[in-house]
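**Q** pasting a predicted model and its sequence here:
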Amino acid sequence: MHRLLFIWFFGVAVLHAQESNTEKDSPLLMHLFCNASPAFFDVLSQPEKYKYQIVFTQIDRNRSGVPTLTHHYFHYNSGAAGYLYPASLVKLPLSVLALQKIQSLDKYGISPFTPMVTDSGFWCQTRTSRDFTQRDSMPSVEAYIHKMMLVSDNESYNRVYEFLGYDYIGRNLQKHGFPQYRIIQRYEQPCDSISHYVTNPVYFLKGRDTLYKQRQQEGIMRLRNPNGEVWMGESYYDNTGYLFPFSRSFIFNNFAPLHEQQLVLASVFTPHALPASMRWKVSDENLNVLKKYMGMWPFESKYPSYALPNSFKKYLLMGNGAALPDSSDIRSFNVVGRAFGVIADCAYIVDFKNDVEFMVSAELYCNENGILNDNVYEYDTVGIPFLVELGRILYQHEKSRPRNPWHNAELENLYK
């Protein structure tokens with residue numbers, strides 16, 4: 001009965017996939033999901049409630065190690081009907097853009113490790129000149145990426161957003177082949193929307209000397225969600241605690257269509273599988289800064305140090321604290337999102353011992369009462385168990401799938 005119900009549901013999903021902004025559901029994923037648990041199937045059978053989306057990418061390499069990507073989709077919709085707030089998923093492209101901009105400042109002697117001081121010059125801007133979590137007590141792009149990737153730090157996101165500027169982010173995402181992606185806001189600041197267009201002055205230092213000064217930037221572009229007015233929730237609390245009895249508009253909030261999110265991930269780990277226009281102007285040395293922190297376990301971090309379990313921010317495969325297989329050497333190079341009832345993970349998963357690699361991006365909406373900002377969400381009871389099982393289903397399939405043997409020693413050596 002379980003399998004028959006799933007086949008019926010899959011037929012309905014295929015009809016749904018004929019709409020615009022969608023991709024046809026993958027027969028491979030349908031086959032793999034047939035043997036999932038009842039709890040996993042309960043989520044799959046209610047797409048309107050949980051609004052889940054899945055993008056799974058298989059990686060095949062030739063004998064020289066050159067990758068070819070095959071994308072599989074399940075309930076994918078990049079249109080207004082499929083909108084879910086991406087939360088911290090956007091920290092991945094933001095980090096890549098920061099490394100690219102740093103690369104352009106190399107002529108001034110600036111690297112990701114160069115101390116960066118953030119000044120203020122406009123309404124609602126704040127200053128940062130010290131970071132006492134670092135060995136030298138100084139903030140830097142490297143330190144901000146470290147904290148964004150490892151613990152999803154929002155203050156670090158804001159500082160990198162300010163360094164890049166509104167227009168730089170928008171233009172470069174479009175230039176590199178991500179036309180729908182939007183990063184157009186700071187986080188956790190009760191300021192008006194105009195403040196997002198105007199970003200802080202920034203200084204790069206060497207001792208007491210200023211290597212480079214970037215003046216305050218005023219964005220010219222005016223971006224919004226490419227689908228126009230998009231909504232979430234049935235009601236929501238604002239920052240003052242007032243309850244609005246209607247849905248919240250996200251037209252001027254960030255947007256990360258899951259297919260483009262997966263391509264950003266691929267541009268970091270398998271750039272030669274993509275067109276040249278989608279590859280970033282970032283050296284391997286600088287890009288390794290991002291890769292290292294994406295795959296690092298919390299106990300491996302020293303500045304800052306974290307007393308957190310390995311499963312923290314690693315939702316796929318192990319988000320509920322489940323142990324990884326003893327016969328594996330798995331790392332998840334990932335970024336997660338968790339806000340307004342949406343939980344998401346975008347990961348390049350590698351088992352160095354068994355030469356397994358694949359990518360997966362998945363998100364779902366866990367908000368039974370429909371109220372936003374009340375902090376009553378089913379992340380732990382619905383979202384994380386779903387993502388854990390999804391990761392394990394895909395891992396077991398990829399482990400058993402024939403392929404040319406390939407081992408990424410350079411990536412593994414980041415932790416030796």
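**A** Alright, I've got the coordinates.

**Q** output the top helix by length along the chain as CSV, restricted to C-alpha atoms.
**A** Longest helix of the chain, by residue count under DSSP state H: helix 384-400. Provided in CSV are the C-alpha atoms of helix 384-400 (Å, rounded to 0.1, in the frame of the first residue of the first chain):
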residue,chain,number,x,y,z
ILE,A,384,15.8,17.7,10.4
PRO,A,385,14.6,14.1,10.4
PHE,A,386,13.5,14.6,6.8
LEU,A,387,16.9,16.0,5.8
VAL,A,388,18.8,13.3,7.7
GLU,A,389,17.0,10.5,5.9
LEU,A,390,17.2,12.3,2.5
GLY,A,391,21.0,12.5,2.9
ARG,A,392,21.3,8.8,3.9
ILE,A,393,19.1,7.7,1.0
LEU,A,394,21.2,9.6,-1.5
TYR,A,395,24.5,8.5,0.1
GLN,A,396,23.7,4.8,0.0
HIS,A,397,22.7,5.0,-3.6
GLU,A,398,25.8,6.9,-4.6
LYS,A,399,28.0,4.5,-2.6
SER,A,400,26.6,1.5,-4.5
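
**Q** which strands or helices does that helix pack on?
**A** Helices and strands touching helix 384-400, by 3 or more CB pairs under 8 Å, 6 or more residues apart in numbering; DSSP states H and E, are helix 27-33, helix 38-44, strand 53-61, helix 315-318, strand 342-351, strand 356-365. The C-beta positions use only the backbone N, C-alpha and C, and glycine is treated the same way.

**Q** now do the fifth one against strand 53-61, angle only.
**A** Right, strand 342-351. Angle, strand 342-351 to strand 53-61, by axes from the mean of the first three to the mean of the last three CA atoms, to 10 degrees: 10 degrees.

**Q** and strand 342-351, which strands flank it?
**A** Partner strands for strand 342-351, per DSSP bridges, with pairing direction: strand 330-339 (antiparallel), strand 356-365 (antiparallel).

**Q** now the helices for the stretch 101-250 of the chain?
**A** Along the stretch 101-250 of the chain, the segments classed as helices by DSSP state H, counting those that start in this stretch run 141-151, 154-164, 166-175.

**Q** may I see those arranged in TSV, with distance to L290, mean neighbour count and mean pLDDT as well?
**A** TSV is the format used below for the helices of the stretch 101-250 of the chain (distance: least, CB to CB, whole Å; neighbours: other CB atoms under 10 Å; pLDDT from 0 to 100):
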stretch	distance to L290	mean neighbour count	mean pLDDT
helix 141-151	6	24	98
helix 154-164	12	23	97
helix 166-175	16	18	98
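
**Q** relative to T68, which of those is closest?
**A** Evaluated over those, closeness to T68 peaks at helix 166-175, with 24.6 Å, by CB to CB.

**Q** what's near enough to touch N62?
**A** Going by CB atoms under 8 Å, 6 or more residues apart in numbering, N62 touches T68, N404.

**Q** now A143. Nearest residue, chain neighbours left out?
**A** Excluding its sequence neighbours, the residue lying closest to A143 (CB to CB, 6 or more residues apart in numbering) is Q134, at 5.3 Å.

**Q** now S152
**A** Using CB to CB, 6+ apart and skipping residues adjacent in sequence, the residue nearest S152 is S88, 4.6 Å away.

**Q** burial count for that neighbour?
**A** By other CB atoms under 10 Å, 24 other residues sit near S88.

**Q** over to E398?
**A** By the criterion of other CB under 10 Å, E398 has 19 neighbours.

**Q** ok, L387 next?
**A** By other CB under 10 Å, 29 other residues sit near L387.

**Q** cool, D136 as well?
**A** When neighbours are counted by other CB under 10 Å, D136 registers 12.

**Q** residue ranges with poor pLDDT in the stretch 201-350 of the chain?
**A** For the stretch 201-350 of the chain, applying pLDDT under 70 flags no range at all.
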